[in-house]
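1. Pasting the sequence and the predicted model now:
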Amino acid sequence: MARFEDLPYRLGIGMAVINREGLVFIGRRIGGPEHVDATHVWQMPQGGLDPGEDPYQCALRELYEETNIRSVEYLAAIDEWLAYDIPREIVGQAWQGRYRGQRQKWFALRFTGDDAEIDVERPGGGQHKPEFAAWRWEPIQNLPDLVVPFKRGVYERVVKEFAPLARP
């Protein structure tokens, strides 16, 4: 296996989906080697960017594949890509050891649908394997304390950038 420092970042996207009340969608991850306890298993939808794929179109695709959500409006994006490293001890377990972490383009989206549209048990119209065991709406300022610690810096930046948009 390559040295940790020589591994590339996986390109991906992340989404802060904000409802009409100014709360943000978070999902409780089903599993993964990064889980350290029952508190830090929540995250916003995110996913990998396919080669040649437009980041915003990827965001819409991943959102549907993870949550079944299609009713959104674009609000904003963070100009630069945000990166995090996964803990060295789980590098061989995540992404088959090919990446040291992720570089992500983050988008803020307004959820314009009804909560009944959200289906984390049968996402993507039942065509995709569930990634979340549960979901809820959460105040944006709470998000950094609910995510795995190694993603906290990215979440703090997302909160700083998108908090003004998370108002009813």
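-> Cool, the structure landed. Residues are numbered from 1 along each chain as shown.
2. tell me the mean pLDDT over stretch 56-75?
-> What stretch 56-75 shows for mean pLDDT is 98.
3. Distance from the chain centre to it, please.
-> Counting by Cα atoms, centre = their mean, to the nearest Å, stretch 56-75 is centred 11 Å from the centre of its parent chain.
4. Other residues contacting it?
-> Applying Cβ atoms under 8 Å, 6 or more residues apart in numbering, the contact partners of stretch 56-75 are 13-15, 17-18, 25, 27, 45-50, 53, 77, 105, 107-114, 117-120, 122-125, 128, 131-132, 135, 162, 165. Heads up, the C-betas are built off the backbone N, CA and C, glycines and all.
5. Could you double-check that Glu161 lies in contact with Ala76?
-> Yes. Look at Glu161 against Ala76 with Cβ atoms under 8 Å: they come within range, at 7.5 Å.
6. Of all the residues in the longest helix anywhere in the chain, which ones are buried?
-> Using DSSP state H, we find that the single longest helix of the chain is helix 55-67. For helix 55-67, burial by neighbour count (16 or more other Cβ atoms under 10 Å) applies to Pro55, Cys58, Ala59, Leu60, Arg61, Glu62, Leu63, Tyr64, Glu65, Glu66, Thr67.
7. Give the buried residues for the helix or strand just after it.
-> Where DSSP states H and E defines the elements, the next helix or strand beyond helix 55-67 is strand 72-77. Using 16+ other Cβ under 10 Å as the test for burial, strand 72-77 gives Val72, Ala77.
8. Could you list which residues are in contact with the residue nearest to Ile140 when sequence neighbours are not counted?
-> In space, and not counting its chain neighbours, Ile140 is closest to Ala166: 4.2 Å by Cβ to Cβ, 6 or more residues apart in numbering. Listed by Cβ under 8 Å, 6+ apart, the contact partners of Ala166 are Ala16, Ile18, Gly22, Leu23, Val24, Pro139, Ile140.
9. if we can go back for a sec, which of the contacts of stretch 56-75 fall within strands?
-> 13-15, 17-18, 25, 27, 46-48, 77, 105, 107-111, 132, 135 (DSSP state E).
10. which stretches of the chain have low pLDDT?
-> Scanning the chain with the threshold set as pLDDT under 70 gives 1, 31-39, 92-95.
11. In terms of secondary structure, what does the helix or strand containing Gln102 contact?
-> Counting by DSSP H and E, the element that carries Gln102 is strand 101-111. Counting contacts by 3 or more Cβ pairs under 8 Å, 6 or more residues apart in numbering; DSSP states H and E, strand 101-111 packs against strand 9-18, helix 55-67, strand 72-77, strand 82-85, helix 152-162.
12. No further queries at this time; thank you.
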